[in-house]
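Participant: Here's my sequence, what's the structure:
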Amino acid sequence: MQEVADLAVVGGGAAGLACAAAAGRLGLSVIVLERTDRCGSKLALAGGGKGNFTHAEPPRTMARRFDCDARLIMPLLRRFPYQRIVEFFSSLGIEARTDDDGCVWPKGTDAAGIKDALLREMATHGVVVRTGCRVTGLEPGWHVQMADSTTAAASSVCIATGGASYPWTGSTGDGPALCRGLGLKTVEWFPALASLRTRDDLSGLAGVTQPGVEMTLLVAGDAPRTATGHFIFAHAHVSGSSVLNLCGYAARALAEHRQVVLRVNWVPGRTASDLAEEFATGRTAHPKKQLGTFLGAFVARRLAARLCAFARVPVDRILTKLSRTEQESIIHQLRSTEFAIVGTEPIERATVTGGGVSLEEIDLHTMQARRYPGLYCAGEALDIWAETGGYNLHFAWATGIAVAEAAAGKELR
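Facilitator: Numbering: from 1, shown residues only. The predicted model follows:
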């Protein structure tokens, strides 16, 4: 049995569904080949299920959120600014609201609603969806081979198989393996947005959240990277959106056996002199106050006790008994606690993975493989990732629609 279409889309996730919906609108016959029993399972989890689907930033600012040279991705982002993505979903009946941080969310629905809107649009234009269909090979021409011995013939093929996290949703990273079979260069998967594992056992701090923290990732051989946001202690990891945004750089360095340290300033905006003055004021106003209680004004009490341990100062030390050396050590910990990073969460639990088909192989205007006319890649199957906040979904939509336009030989508006 052989099915024939203008465009075969391998993978029914965010990029694949956007590609199929856009291609259907442009009059192409489209078949979507999805290995699980339903499309969009991982998409339905986006933003904690609430579905932040892009970010209200101009292209130049957004380009800095991605793990690549901004010059590579700028043409794509100029062509697909967030307003165009909002307009695309508005045409599907999904209206947008923007929060104070710039995240764009669907109004009156959620991530599952976005998935359903794409599926409805596909059905309107006669897109054929085959679920339970595992693709095992590609043959230029294009012939797509399936595990059940059937094939699909198409003028063009879009690899939109996603990354390698949440494998139960079907995101098992098949795309790069298919492309490797054609000789394309790929990069091994790694966790790009995930929690970090420290050498120190911090399980006693599980559940502690410290807001407004400034973090610096120090990687041997690289320039420091900074982030600001919530810092969350879990049982085996440290987390929070800003920690996640640093993870990919840490994971790549660890794979190369380089040293990685996370330096944390728990009191950004306060200099060492500012803190010394606050200690002096505290001694005068509350001479019998214990150090741990005093530090509770800056950090959570359990964290205060751990910082005292790091500084090797008893947590029950009375302020008036605190030596100058001890005070300086505590102030140093408040402004510059260092955690040796030895790993990440397992890749299966990463929000987004890095790795995939090398960008060297792809024309980022059309998303077509440079060596194989008619072969395209979109979304997380490519070796590129971005910070949290809707950027990765923005890339999925933009690349998926770009493939549809290239396959149809026109631009969708």
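Participant: Helices along the stretch 1-150 of the chain, start to end?
Facilitator: With DSSP state H, counting those that start in this stretch as the criterion, the stretch 1-150 of the chain has helices at 14-25, 59-63, 70-79, 82-90, 111-124.
Participant: winner for burial among the ones you listed?
Facilitator: Comparing those by mean neighbour count (mean count of other Cβ atoms under 10 Å), helix 14-25 ranks first with a mean of 29. C-beta coordinates here come from the backbone N, C-alpha and C atoms, glycine included.
Participant: hang on, the earlier thing: the helices of the stretch 1-150 of the chain: which one's closest to A220?
Facilitator: With Cβ to Cβ as the criterion, A220 lies closest to helix 70-79 of those, at 24.5 Å.
Participant: which helices and strands does that closest one pack with?
Facilitator: Helix 70-79 is packed against helix 59-63, helix 391-408, with contacts defined by 3 or more Cβ pairs under 8 Å, 6 or more residues apart in numbering; DSSP states H and E.
Participant: so of these, which one's packed in deepest?
Facilitator: Highest mean neighbour count among the helices and strands packed on helix 70-79 (mean count of other Cβ under 10 Å): helix 391-408, with a mean of 26.
Participant: From the chain's centroid, how far away is that helix?
Facilitator: Distance of helix 391-408 from its chain centroid, counting by Cα atoms, centre = their mean, to the nearest Å, is 17 Å.
Participant: in this protein, what spans have low per-residue confidence?
Facilitator: The model of the chain has pLDDT under 70 over residues 1-2, 411-413.
Participant: Domains in it, by residue range?
Facilitator: Following the assignment in automatic domain parsing, the chain carries domains at 2-191+351-408, 195-344.
Participant: deepest of those, which one?
Facilitator: Mean neighbour counts for those (mean count of other Cβ under 10 Å) peak at domain 2-191+351-408, with a mean of 21.
Participant: Can I get the helices and strands packed on helix 70-79 in a markdown table including distance to S41?
Facilitator: Putting the helices and strands packed on helix 70-79 into a markdown table (distance: least, Cβ to Cβ, whole Å) gives the following:
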| stretch | distance to S41 |
| --- | --- |
| helix 59-63 | 27 |
| helix 391-408 | 14 |
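Participant: between the ones you listed, which gets nearest to A123?
Facilitator: helix 391-408 (16.2 Å).
Participant: what's that closest one packed up against?
Facilitator: Counting contacts by 3+ Cβ pairs under 8 Å, 6+ apart, helix 391-408 is packed against strand 2-10, helix 14-25, strand 54-55, helix 70-79, helix 82-90, strand 151-159, strand 375-377.
Participant: returning to what we had before: looking at the helices and strands packed on helix 70-79, spot the one closest to V129.
Facilitator: Comparing the helices and strands packed on helix 70-79 by Cβ to Cβ, helix 391-408 comes nearest, at 15.1 Å.
Participant: Could you export that closest one as CSV, CA atoms only?
Facilitator: This file holds the C-alpha atoms of helix 391-408, laid out as CSV (Å, rounded to 0.1, in the frame of the first residue of the first chain):
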residue,chain,number,x,y,z
TYR,A,391,10.2,30.9,22.5
ASN,A,392,10.5,27.2,21.6
LEU,A,393,6.9,27.0,20.5
HIS,A,394,7.4,30.2,18.5
PHE,A,395,10.2,28.5,16.7
ALA,A,396,8.0,25.4,16.1
TRP,A,397,5.2,27.5,14.5
ALA,A,398,7.6,29.6,12.5
THR,A,399,9.6,26.7,11.1
GLY,A,400,6.5,24.6,10.4
ILE,A,401,4.8,27.4,8.5
ALA,A,402,8.1,28.2,6.6
VAL,A,403,8.2,24.6,5.4
ALA,A,404,4.6,24.7,4.2
GLU,A,405,5.3,27.9,2.3
ALA,A,406,8.5,26.6,0.7
ALA,A,407,6.9,23.3,-0.3
ALA,A,408,4.0,25.3,-1.9
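Participant: before we move on, back to that, tell me which of the helices and strands packed on helix 391-408 sits nearest to A112.
Facilitator: Ranking these by proximity to A112 (Cβ to Cβ) places helix 14-25 first, at 12.4 Å.
Participant: Output the contacting helices and strands for that closest one.
Facilitator: strand 2-10, strand 30-33, helix 111-124, strand 151-159, helix 391-408.
Participant: try 6 Å this time
Facilitator: Using 3 or more Cβ pairs under 6 Å, 6 or more residues apart in numbering; DSSP states H and E, the elements in contact with helix 14-25 are strand 2-10, strand 30-33, helix 111-124, helix 391-408.
Participant: Including distance to G269, could these go into TSV?
Facilitator: Listed next are the helices and strands packed on helix 14-25 as TSV, based on distance: least, Cβ to Cβ, whole Å:
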stretch	distance to G269
strand 2-10	49
strand 30-33	51
helix 111-124	36
helix 391-408	27
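Participant: closest one to T281 among those?
Facilitator: So among the helices and strands packed on helix 14-25, helix 391-408 is nearest, using Cβ to Cβ, at 43.3 Å.
Participant: if we can go back for a sec, can you redo the helices of the stretch 1-150 of the chain as CSV with distance to T325?
Facilitator: Below are these laid out as CSV (distance: least, Cβ to Cβ, whole Å):
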stretch, distance to T325
helix 14-25, 55
helix 59-63, 45
helix 70-79, 46
helix 82-90, 52
helix 111-124, 53
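Participant: For stretch 254-263, measure first residue to last.
Facilitator: Chord length of stretch 254-263, first to last residue, is 16 Å (Cα to Cα, to the nearest Å).
Participant: roughly how far out does it sit from the chain middle?
Facilitator: How far stretch 254-263 lies from its chain's middle: 19 Å, per Cα atoms, centre = their mean.
Participant: hmm, who's touching that stretch?
Facilitator: T216, L217, L218, V219, A220, A250, A253, S336, E338, F339, A340, I341 (Cβ atoms under 6 Å, 6 or more residues apart in numbering).
Participant: Nearest residue to T186 in space, please, no chain neighbours.
Facilitator: Of all residues not flanking T186 in the chain, P176 sits nearest, at 4.0 Å (Cβ to Cβ, 6 or more residues apart in numbering).
Participant: what do you get for D363?
Facilitator: R370 (5.9 Å).
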